[in-house]
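K.L.:
missing the sequence, but the structure's below:
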Ligand SMILES: Nc1ncnc2c1ncn2[C@@H]1O[C@H](COP(=O)(O)OP(=O)(O)OP(=O)(O)O)[C@@H](O)[C@H]1O
Ligand SMILES: O=c1ccn([C@@H]2O[C@H](COP(=O)(O)O)[C@@H](O)[C@H]2O)c(=O)[nH]1
């Protein structure tokens, strides 16, 4: 029994590098596509936003001397590349996927519009909404919150490299402990950095719960959707 009917799945661009440490790892990509296909077979409507951290981040670019505005545009284009790769992997498995873009760039992808995306979800197609919000100075976490709210998703599933929200960044502090559930206010008050504050505020103000879980372990997406207690629920 699936916990949610329509989800916004946020995938980490950085995770797409897999073990190879750069670009797009085809094993990781196919693993994600298989996990998504399992949900579609179970009747779940799936909208996806993918990050671009495996290719380019505007902030890192700015630190290296790039103009931030152009660097962010490069980052948004990186998310389109990742989205096309995922759509290709899904199509290869017979799972119908459409890439929509926040910025007009047909025929690479069709321009995103909420009614069109909802129609596609109702038709059982996976909708990959790429290009972030279309605006610099944002992140794909914020784009996920925005699209999740617009598309009336029941939950935002933040599939990442860690298995939930911790008292501190678990990749830096081995003594950090995990929360099973946490409120948006606790995230602010404790200064936790699992998701940026713009995204956190949008989810809080629009009542979109967020489930943070480790997407890099095979089968976890289905487990989360089946109600297994493997991540952290933020609400
Ligand atoms: N309190 C915390 N609890 C859990 N993770 C945390 C926390 N603070 C920082 N993090 C870090 O947040 C990361 C998850 O963020 P996210 O999935 O957005 O990664 P990303 O590298 O920014 O992805 P992308 O490539 O999409 O930009 C984790 O890998 C973890 O290291
Ligand atoms: O709305 C948005 C979303 C993203 N960007 C830029 O893209 C990169 C990659 O996104 P991540 O969330 O870091 O994976 C991001 O660093 C920004 O440079 C953007 O400008 N606007």
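P.N.:
Yep, it's here. Only a predicted model underlies this, so the values are computations on that prediction, with no experimental measurement involved. Ligands and ions are numbered 1, 2, ... in the order given.
K.L.:
name the helix or strand of this protein that has the lowest mean pLDDT.
P.N.:
Lowest mean confidence among the helices and strands of the chain (mean pLDDT, DSSP states H and E): helix 58-63, at a mean of 90.
K.L.:
what's in contact with that helix?
P.N.:
66, 68, 70, 71, 72, 73, 74, 75, 136 (C-beta atoms under 8 Å, 6 or more residues apart in numbering). Every residue, glycine included, has its C-beta placed from N, CA and C.
K.L.:
and the residues you listed, which is closest to residue 221?
P.N.:
residue 75 (25.0 Å; C-beta to C-beta).
K.L.:
re the thing from before, from the contacts of helix 58-63, list the ones also adjacent to ligand 2.
P.N.:
Among these, the ones lying near ligand 2 by C-beta under 6 Å from any ligand atom are 71, 72, 75, 136.
K.L.:
also near ligand 1: which of these, exactly?
P.N.:
Under the cut-off given by C-beta under 6 Å from any ligand atom, ligand 1 has nothing from the ones next to ligand 2 among the contacts of helix 58-63 close to it.
K.L.:
adding pLDDT, write those residues out as a markdown table.
P.N.:
Below are these laid out as a markdown table (pLDDT from 0 to 100):
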| residue | pLDDT |
| --- | --- |
| 71 | 96 |
| 72 | 97 |
| 75 | 97 |
| 136 | 98 |
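K.L.:
between these, which has the most around it?
P.N.:
Counting neighbours by other C-beta atoms under 10 Å, the top entry in those is residue 75, with 26 neighbours.
K.L.:
count the residues that sit near the closest residue to residue 13 other than its chain neighbours.
P.N.:
Closest residue to residue 13 apart from its sequence neighbours, by C-beta to C-beta, 6 or more residues apart in numbering: residue 51 at 3.4 Å. As a burial measure, residue 51 scores 25 neighbours (other C-beta under 10 Å).
K.L.:
I figured residue 136 hits residue 67, correct?
P.N.:
No - counting by C-beta atoms under 8 Å, residue 136 sits too far from residue 67 to count as a contact (9.9 Å).
K.L.:
what helix or strand does residue 156 sit in?
P.N.:
For residue 156, the element it lies in under DSSP states H and E is strand 155-160.
K.L.:
so which elements touch the longest helix belonging to the chain?
P.N.:
Of all segments of type helix in the chain, defined using DSSP state H, the longest is helix 68-92. Helices and strands touching helix 68-92, as assessed by 3 or more C-beta pairs under 8 Å, 6 or more residues apart in numbering; DSSP states H and E, comprise helix 26-41, strand 45-50, helix 58-63, strand 97-101, strand 126-130.
K.L.:
quick one: name the residues of the chain near ligand 1.
P.N.:
Neighbours of ligand 1 within the chain, by C-beta under 6 Å from any ligand atom: 12-14, 51, 53, 140-141, 160-162, 165-166, 168-171, 192-194.
K.L.:
what pLDDT does the model give the residue lying farthest from the centre of the chain?
P.N.:
The outermost residue of the chain relative to its centre, with distances by C-alpha atoms, centre = their mean, is residue 65 at 27.8 Å. As predicted, residue 65 sits at a pLDDT of 91.
K.L.:
and it, helix, strand or coil?
P.N.:
Following DSSP: H, G, I helix; E, B strand; the rest coil, the label given to residue 65 is coil.
K.L.:
contacting residues for the closest residue to ligand 1 within the chain?
P.N.:
Here the chain gets closest to ligand 1 at one residue, residue 51, 1.9 Å apart by C-beta to the nearest ligand atom. By C-beta under 8 Å, 6+ apart, the contact set of residue 51 is 10, 11, 12, 13, 14, 79, 82, 139, 140, 141.
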